[in-house]
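A.B. asks: What follows is a protein structure lacking sequence information:
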Ligand SMILES: Nc1ncnc2c1ncn2[C@@H]1O[C@H](COP(=O)(O)OP(=O)(O)OP(=O)(O)O)[C@@H](O)[C@H]1O
């Protein structure tokens with residue numbers, strides 16, 4: 001990784017004293033020792049080789065051409081953390097002896113003047129190095145004085161300031177200053193960000209954060225990031241944005257004395273600095289909330305702009321002139337093309353982020369996104385003159401000279417076309433022609449992504465989250481409802497998301513489950529935005545909630561406690577399967593996915609497994625003795641559903657006819673004969689009686705817990721012993737043995753439930769799931785067999801029908 005490669009060599013180095021260079025070596029050695037396992041791990045990652053050579057890198061300059069601000073990024077010594085009230089809970093301040101203090105001073109000086117290799121400063125013009133060092137030293141002194149003032153209690157004698165300062169001096173982010181945040185300290189983030197990290201209790205950065213932050217925040221690189229679902233990608237691009245905005249503020253504050261009001265333009269307020277684009281509204285709102293929550297102490301405005309939002313609210317939000325906007329392509333383009341004042345100031349952008357980038361290049365988003373990208377000013381080409389011509393922006397002259405950073409993230413970037421190969425080879429080069437490039441590359445290039453972008457691909461061959469247990473149930477298409485009901489009622493622990501491909505299937509399932517007394521929330525793209533958000537809130541609020549959703553919920557939704565994902569219908573692509581499954585097993589938790597596979601799905605499922613390099617997958621354990629009862633309930637539910645649907649359809653038709661007639665001021669007359677009306681009435685009555693009867697029968701069944709067919713209250717073994725029950729028996733026997741050993745007497749035992757009840761799917765899968773080889777050929781053969789059986793049955797039926805018809809004809813002919 002570029003961020004961990006040897007430090008850059010800077011001019012003017014020879015002028016440093018020997019003691020400084022010795023201490024520098026020690027400092028580097030100390031850092032390397034601590035980073036050694038990290039380096040080893042990172043070196044072994046596939047993307048490492050594709051990173052550009054550090055020496056060939058353009059040094060990142062925040063204010064190109066401005067001698068005063070050369071170096072752009074701040075060293076931590078320039079940031080006075082005491083001003084930010086940094087108070088990391090549980091962190092202990094380390095007070096060391098004088099000797100180590102002086103060494104630490106030298107190390108810090110050296111880092112400020114020479115760069116540490118973890119952040120890159122633009123090289124000053126020849127002869128300016130010393131001047132710059134002097135300036136930095138002065139700033140350091142100023143900062144030290146401030147610290148002394150902050151820590152000095154009112155009644156303390158003046159000579160106590162120095163000693164207090166000496167103690168405080170150890171506070172900046174030394175690797176060992178806050179042991180519990182050691183890994184974060186390595187990333188050298190602004191004290192306010194550290195404060196947020198500690199507030200949220202994020203003990204360590206996730207691998208994608210560890211890999212992206214140095215490159216994006218300290219080297220100013222563009223980043224293409226791929227890592228498993230739930231791995232913290234939002235903060236991997238969010239933290240570098242916050243870091244740069246904070247650094248600019250500090251820089252401007254430090255310059256205030258020298259340059260007065262002019263300094264403020266280096267940390268401009270009220271202009272758009274970051275535009276984050278996500279494919280769905282829910283994701284945009286979630287990313288906004290995540291960044292807002294993180295940026296509580298930072299005073300950076302983060303605002304969502306999504307479809308379905310009322311015009312007034314949108315206007316109100318944009319009036320606050322937020323620095324960060326998170327939005328969906330459709331609404332953003334609508335506003336930009338309409339000339340919305342805050343949004344058209346795209347020249348002030350310092351960050352352009354495509355979250356779930358691979359989804360956005362698909363139909364439905366691509367055109368709008370492309371249009372937005374086409375409006376982005378050229379990062380290197382925008383001259384000052386051009387920029388000055390842009391209206392409504394007072395900060396153009398300073399901002400246009402900055403480099404805009406582009407971040408492209410997704411869990412499945414590596415799955416798309418031959419992108420993975422290109423990621424690995426690092427062949428993302430700017431070409432004149434777009435031939436041979438896929439859409440992500442084209443968009444990335446058009447968005448101004450540099451050829452030396454840091455490419456961080458942390459996805460493994462299977463792409464799926466590592467804590468995810470996958471499984472499947474083979475069943476007939478018409479039995480999918482029954483198995484879904486089985487999973488939800490027998491293993492209803494934790495939150496579950498059921499994914500469908502079509503809205504029709506979603507409606508069917510939610511209706512059936514509702515009749516069966518299972519409360520579900522639904523989420524699909526045709527719902528009103530308010531209803532969509534309500535559904536998510538309801539799901540979030542229920543510890544054992546069930547959400548039936550289409551793929552609109554597949555990407556990015558981060559709801560804690562989702563234990564199970566059910567693929568009721570298989571998705572159309574491997575990417576969607578990864579994202580759907582990724583709603584569980586997020587961050588450090590685990591979870592399981594269950595795919596319901598009908599004979600028609602089997603070949604598709606086998607090819608999915610192949611794309612994830614999976615040779616085998618677990619079959620979800622089923623207790624077949626429950627199925628007769630499940631089927632009985634389901635049959636009743638289906639009949640009830642059919643009657644209710646017919647009724648409501650009739651009502652809808654009737655009211656439509658009446659409404660239409662009313663609007664045309666016509667009178668609807670009933671031309672049915674008396675006989676027909678009586679017949680209709682009788683039919684309705686019969687159907688209503690039948691419906692009532694079915695409902696009564698079902699509610700009688702639902703009032704009892706679901707039991708295996710041969711369940712006996714006394715001997716719960718008659719249903720046959722499954723692996724799970726076997727396992728439970730063994731555990732029970734062990735437990736009883738232990739109890740007897742301890743007490744030595746027979747106590748009255750508690751009632752013990754044996755079976756699958758209340759065992760969450762993951763647990764059932766772990767204790768009884770059987771690995772099945774995913775042989776594509778075998779699956780395809782099975783499907784062919786099933787098809788040929790169906791065909792034979794159909795032909796047989798047809799033959800019998802023809803036979804009957806012929807007989808009838810012959811009989812009629814004889815007469
Ligand atoms: N360093 C960290 N330590 C612990 N938890 C973290 C850390 N960073 C992020 N998280 C949490 O991990 C969860 C997943 O993060 P996030 O939504 O950013 O994942 P993601 O990689 O974008 O997932 P997806 O690909 O599904 O969109 C969030 O709840 C977030 O708060």
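C.D. replies: Yep, it's here. Keep in mind that what you see is a predicted model, and the values were worked out from it rather than measured.

A.B. asks: From now on I want contacts and neighbour counts done on CA atoms only, so please keep to that.
C.D. replies: Fine.

A.B. asks: Find the nearest non-adjacent residue to residue 271, please.
C.D. replies: In space, and not counting its chain neighbours, residue 271 is closest to residue 323: 5.8 Å by CA to CA, 6 or more residues apart in numbering.

A.B. asks: low pLDDT regions in the protein?
C.D. replies: For the chain, applying pLDDT under 70 flags the ranges 1-179, 257-268, 363, 379-402, 415-439, 657, 667-672, 710-758, 773-777, 779-780.

A.B. asks: That one against the ligand: which residues are in contact?
C.D. replies: Applying CA under 6 Å from any ligand atom, we find that the chain lies next to the ligand at 202-206, 229-235, 410-411, 555-556, 558, 582, 586-587.

A.B. asks: Okay, and which of these map to helices?
C.D. replies: Members of the residues of the chain next to the ligand lying in helices (criterion: DSSP state H): 233, 234, 235.

A.B. asks: Now for the nearest residue to the second one once chain neighbours are set aside, how many residues are close by?
C.D. replies: Going back to what we said before, that points to residue 234. Spatially, and ignoring its direct neighbours in sequence, residue 234 is nearest to residue 287 (6.9 Å; CA to CA, 6+ apart). If you count neighbours by other CA atoms under 10 Å, residue 287 ends up with 27.

A.B. asks: After the helix or strand containing residue 287, which helix or strand is next? Please name it.
C.D. replies: Taking DSSP states H and E as the criterion, residue 287 maps to helix 281-294. Using DSSP H and E, the helix or strand that follows helix 281-294 in sequence is strand 302-305.

A.B. asks: ok, and for whichever helix or strand comes after that following strand, which residues are buried?
C.D. replies: The first helix or strand that comes after strand 302-305 along the chain, using DSSP H and E, is helix 311-319. Using 16 or more other CA atoms under 10 Å as the test for burial, helix 311-319 gives 314, 317, 318.

A.B. asks: name the helices or strands packed onto helix 311-319?
C.D. replies: strand 302-305 (3 or more CA pairs under 8 Å, 6 or more residues apart in numbering; DSSP states H and E).

A.B. asks: can you list the residues that contact the strand it packs on?
C.D. replies: 284-285, 288, 291-292, 314, 317-318, 322-328, 331-332 (CA atoms under 8 Å, 6 or more residues apart in numbering).

A.B. asks: Mind doing that once more with 10 Å?
C.D. replies: For strand 302-305, contacts defined as CA atoms under 10 Å, 6 or more residues apart in numbering pick out 274-277, 281, 283-293, 295, 313-315, 317-318, 320-332, 335.

A.B. asks: do stretch 654-661 as well
C.D. replies: Stretch 654-661 is contacted from outside by 648-653, 662-668, using CA under 10 Å, 6+ apart.

A.B. asks: Chain neighbours aside, what residue packs nearest to residue 465?
C.D. replies: residue 228 (5.3 Å).

A.B. asks: should've said residue 322
C.D. replies: Closest residue in space to residue 322, ignoring its immediate chain neighbours: residue 301 at 4.7 Å, by CA to CA, 6+ apart.

A.B. asks: Return a ChimeraX selection command for the buried portion of the residues of the chain next to the ligand.
C.D. replies: Of the residues of the chain next to the ligand, the buried ones can be selected in ChimeraX as follows, counting by 16+ other CA under 10 Å:
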select :204,205,206,229,230,231,232,233,234,235,410,411,555,556,558,582,586,587
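
A.B. asks: Just the ones of the residues of the chain next to the ligand in strands?
C.D. replies: Members of the residues of the chain next to the ligand lying in strands (criterion: DSSP state E): residue 410.

A.B. asks: For whatever residue of the stretch 601-750 of the chain ends up closest to the ligand, the count of nearby residues, please.
C.D. replies: Distances between the stretch 601-750 of the chain and the ligand by CA to the nearest ligand atom are smallest at residue 612, namely 16.3 Å. Residue 612 is flanked by 16 other residues according to other CA under 10 Å.

A.B. asks: I'd guessed it sits against residue 470; true?
C.D. replies: No - when contacts are counted by CA atoms under 10 Å, residue 612 is not listed as touching residue 470 (11.5 Å).

A.B. asks: overlap in contacts of these two?
C.D. replies: Contact criterion CA under 10 Å, 6+ apart; residues shared by residue 612 and residue 470: residue 464.

A.B. asks: Give me the distance between residue 350 and residue 540.
C.D. replies: 34 Å (CA to CA, to the nearest Å).

A.B. asks: who has more neighbours, these two?
C.D. replies: Legend: neighbour count by other CA under 10 Å for residue 350 and residue 540, higher for residue 350 (23 against 19).

A.B. asks: Backbone dihedrals for that one, please?
C.D. replies: With angles defined as degrees, to the nearest 10, residue 350 sits at phi -110, psi -20.

A.B. asks: got it, and residue 567?
C.D. replies: phi -90, psi 90.

A.B. asks: Might one say that it is in contact with residue 502?
C.D. replies: No - with contact defined as CA under 10 Å, residue 567 does not count as touching residue 502 (12.0 Å).

A.B. asks: Looking at these two, which is more packed in?
C.D. replies: Neighbour count, other CA under 10 Å: between residue 567 and residue 502, residue 567 has more, with 22 against 14.

A.B. asks: got the contact list for the more buried one?
C.D. replies: 472, 484, 497-501, 577, 580-581, 593-597.

A.B. asks: Mark which of the residues you listed are part of strands, please.
C.D. replies: Per DSSP E, those map to strands at 472, 497, 498, 499, 593, 594, 595, 596, 597.

A.B. asks: Those residues: which two are farthest apart?
C.D. replies: 497 and 597 (16.8 Å; CA to CA).

A.B. asks: The two: who's more crowded?
C.D. replies: Per other CA under 10 Å, whichever of residue 497 and residue 597 has more neighbours is residue 497, with 29 against 22.
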